[in-house]
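Undergrad: Everything below, folded, please.
(one chain, ligands or ions: 1)
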Amino acid sequence: MASAGLSYVPNNPNSPWQMYLLQVDRVAPHLGHLERWVETLKRCKRVLAVDIPINRDDGTVAHFEGFRAQHNMSRGPGKGGVRFHPDVTIDEVMALAGWMTVKNAALNLPYGGAKGGIRVDPKTLTRPELERLTRRYTSEIGLIIGPDKDIPAPDVNTNDQIMAWMMDTYSMNTGATATGVVTGKPIALGGSLGRKEATGRGVYIAARETARAMGFDIAGARIVVQGFGNVGGIAARLFKAAGASVIGLQDASGSVANEAGIDVDAALDFVAAGGALVDFKGVTKISEGEFWALKSDIFVPAALENQLTETRARSIATKLVVEGANGPTTPAADDILHDRGIKVVPDVIANAGGVTVSYFEWVQDFSSFFWTESEINDRLERIMVEALKAVVHTAEKNNVSLRTAAFIIACTRVLAARELRGLYP
Ligand code: NAD
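TA: Model prediction:
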């Protein structure tokens, strides 16, 4: 699996990297003279695969596989999360890094795109084992990360504690406390107010603005959310607070519904206390098929990639899809949704709230001057609304989907930087 070269083109048409390549192909004809640089976007600048041996609590040694992919650094240091999940592959990490290049450029943040991951089910590790795994991984990728090189952040199954261990390990290895090496840290270690909620808040803002443009309000809207973690959970909470009815939820434990609206805050408390969403009182457990058939105004996929497949795109009963997750919709499903008149706010805009506040965190760490939460949320709101407006304008001008429009804006910025820098040597 990990033997592929850096221009790795897998045979599996549903591989995330293949999906990303197809999306780049769609944007190429819109890049004008910059199209001659498009190959730059079809490969990663650098991919590091590392062995992570750790001592288990029972005295045995276990080995895990980890990656850090740096897709493009034309506009600045790499930026992107770290995922701990049993399905992590080099293919997935490369695609997620490519999407980070596009996302950072679409929001005009001064970053390139990167992503990392460890192929592990963290639930099978004790806390000391998880700490040893995180520290050894950080040491191994320490060759290529740093506050001005590549700055990791939380993603699926990673959180502020893991970022604290990463920051400490990098700092111990380099001999100086380097708060800016990761974002999404605890507030006490240079983290930013509002970072934890930022991705979900950005999803909410993107949904609210697009719904308004489509002629309906969030208040009273019916919402279905797949994934009830950092992104989906916060987004669901904000939808509910704005007067929407969250009528369906799904996480790794299963799917639940309540036509009258789910008490999202109580469900979040229940899950945070260790309960399984399907055991939460006040909801009915439903099947996977029933979940995807729920009638809604807005559907938010906020779990993993490849969830909105062709079959599901044919049957999904919604007006608007707002992608909280990265790569949840396959290109074939995208076409079906387009033909059915279902609007899609793509991941590279919809879930960009997290990296935007990560950028604020990094700037605050560099200047050692910290902003208030309302300053952060106001700036986030402004950046998200402006980026979304630009994408809608480009989509209308070129008669393309919002995804292709976001790619046009982002890839033009990346390739213009590429051209100006020229080729070394
Ligand atoms: P998380 O680990 O906090 O939550 C993931 C959620 O998805 C959990 O509720 C889990 O139970 C659920 N899930 C996992 N497998 C599932 C399955 N097969 N079916 C249904 N649900 C499943 O992760 P997160 O940080 O919320 O990330 C979710 C998505 O958002 C990922 O695609 C991630 O890349 C993307 N994202 C996250 C951030 C961030 O700041 N955390 C930023 C941008 C994008």
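
Undergrad: Just confirm Glu65 is within a helix.
TA: No: assessed with DSSP: H, G, I helix; E, B strand; the rest coil, Glu65 is strand; it does not lie in a helix.

Undergrad: wait, it sits on Ala49?
TA: Yes: here Glu65 reaches Ala49: they are 6.9 Å apart, a contact under Cβ atoms under 8 Å. For every residue, glycine as well, the C-beta is placed using N, CA and C.

Undergrad: residues contacting the residue in the stretch 1-150 of the chain that the ligand sits nearest to?
TA: The nearest approach of the stretch 1-150 of the chain to the ligand comes at Gly81, 6.1 Å away (Cβ to the nearest ligand atom). By Cβ atoms under 8 Å, 6 or more residues apart in numbering, the residues touching Gly81 are Leu96, Lys115, Gly116, Pro152, Ala153, Pro154, Asp155, Val156, Thr158, Gly184, Gly354.

Undergrad: Restricted to helices, list those residues.
TA: Residues of the contacts of Gly81 located in helices (DSSP state H): Leu96, Gly354.

Undergrad: Can you turn the buried subset of the contacts of Gly81 into a selection I can paste into PyMOL?
TA: If you want just the buried ones from the contacts of Gly81 in PyMOL, going by 16 or more other Cβ atoms under 10 Å, the selection is:
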select buried, resi 96+115+116+152+153+154+155+156+158+184+354
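
Undergrad: Now cross-check the contacts of Gly81 against the ligand and list the overlap.
TA: Among these, the ones lying near the ligand by Cβ under 6 Å from any ligand atom are Pro154, Asp155, Val156, Gly354.

Undergrad: and the first one, bridged to which residues?
TA: The one in question is Pro154. For Pro154, the beta-bridge partners are Val82 (DSSP bridges).

Undergrad: and it, what is it in contact with?
TA: Contacts of Pro154 (Cβ under 8 Å, 6+ apart): Gly81, Val82, Asp160, Ile162, Met163, Gly184, Asn230.

Undergrad: and if you look at the second one?
TA: Applying Cβ under 8 Å, 6+ apart, we find Asp155 in contact with Gly80, Gly81, Val82, Arg83, Leu96, Lys115, Gly117.

Undergrad: So what's the residue count around the third one?
TA: The burial count assigned to Val82 is 31, neighbours taken as other Cβ atoms under 10 Å.

Undergrad: Wait, it touches Gly116, no?
TA: Yes: the criterion here is Cβ under 8 Å, and Val82 meets it with Gly116 at 4.2 Å.

Undergrad: which neighbours do the two share?
TA: Tyr137, Pro152.

Undergrad: where do the strands sit along the stretch 251-400 of the chain?
TA: 254-257, 284-286, 298-301, 320-322, 343-345 (DSSP state E, counting those that start in this stretch).
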